[in-house]
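Student: Sequence isn't available, so here's the structure alone:
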């Protein structure tokens, strides 16, 4: 699990989700003891095992040093709400931040956008500041629901999955979908995209667990290179 957190961070940084020392990945600990997450002050790509904390669902650091990350509530409350979630991602990917500022629906104009099956991506609007309390974490978890990812306007994105590869790929795909739509909208009105039925079909066809894993393994190889 420690290796998963480190590897996921390096993959996310390699595909443009890094933001100096901000953004984080969490993995559910064995025995549901809490989450493994990097301590504050380290970038996604530079995190090593000694930089990790095991944070309990009560918000206490059980292993590692320092105080818990101020936004650990994002990960704790999403995992508390949904026992099938084993990994969560929060990043400040710039395309996601820019797209969220437009207040326009995310359209399935690419394979990436079909991840949401023709539905708009959920948006957490309770605050544009840090998710620094358990109450805000609960509200964010409710906004995310069972969706693969959500936008945090004025802030970034959050993604979740029942595996590390799924959570990371959900974050990557949301950012790519935002970037594709921003590019299209810069050239003119978006006129061509999948209808709901096709988007739902493409979600199953393009983003099965096997396809998500294949994408993840490619990103791991790329990050290592």
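Tutor: Great, that's in hand. Treat the numbers as computed from the prediction; the structure is a model and nothing was measured.
Student: Go ahead and confirm residue 165 touches residue 216.
Tutor: Yes. The criterion here is CB atoms under 8 Å, and residue 165 meets it with residue 216 at 3.5 Å. Where you see a C-beta, it was placed from the backbone N, CA and C, and this is true even at glycine.
Student: Now do the helices for the protein: every range, in order, please.
Tutor: Remark: helices assigned in the chain by DSSP state H are 2-14, 72-81, 94-100, 134-144, 164-187, 196-206, 209-224.
Student: Could you say which of these is packed most deeply?
Tutor: helix 72-81 (a mean of 24; mean count of other CB atoms under 10 Å).
Student: list the helices and strands it packs on?
Tutor: Judged by 3 or more CB pairs under 8 Å, 6 or more residues apart in numbering; DSSP states H and E, helix 72-81 is in contact with strand 24-28, strand 35-38, strand 87-91, helix 134-144, strand 156-161.
Student: List the buried residues of the first one.
Tutor: Residues of strand 24-28 classed as buried under the neighbour-count rule (16 or more other CB atoms under 10 Å) are 24, 25, 26, 27, 28.
Student: what sits against the nearest residue to residue 13 once chain neighbours are set aside?
Tutor: In space, residue 13 comes closest to residue 45 once its chain neighbours are excluded; the distance is 3.6 Å by CB to CB, 6 or more residues apart in numbering. With contact taken as CB atoms under 8 Å, 6 or more residues apart in numbering, residue 45 is in contact with 9, 10, 13, 14, 18.
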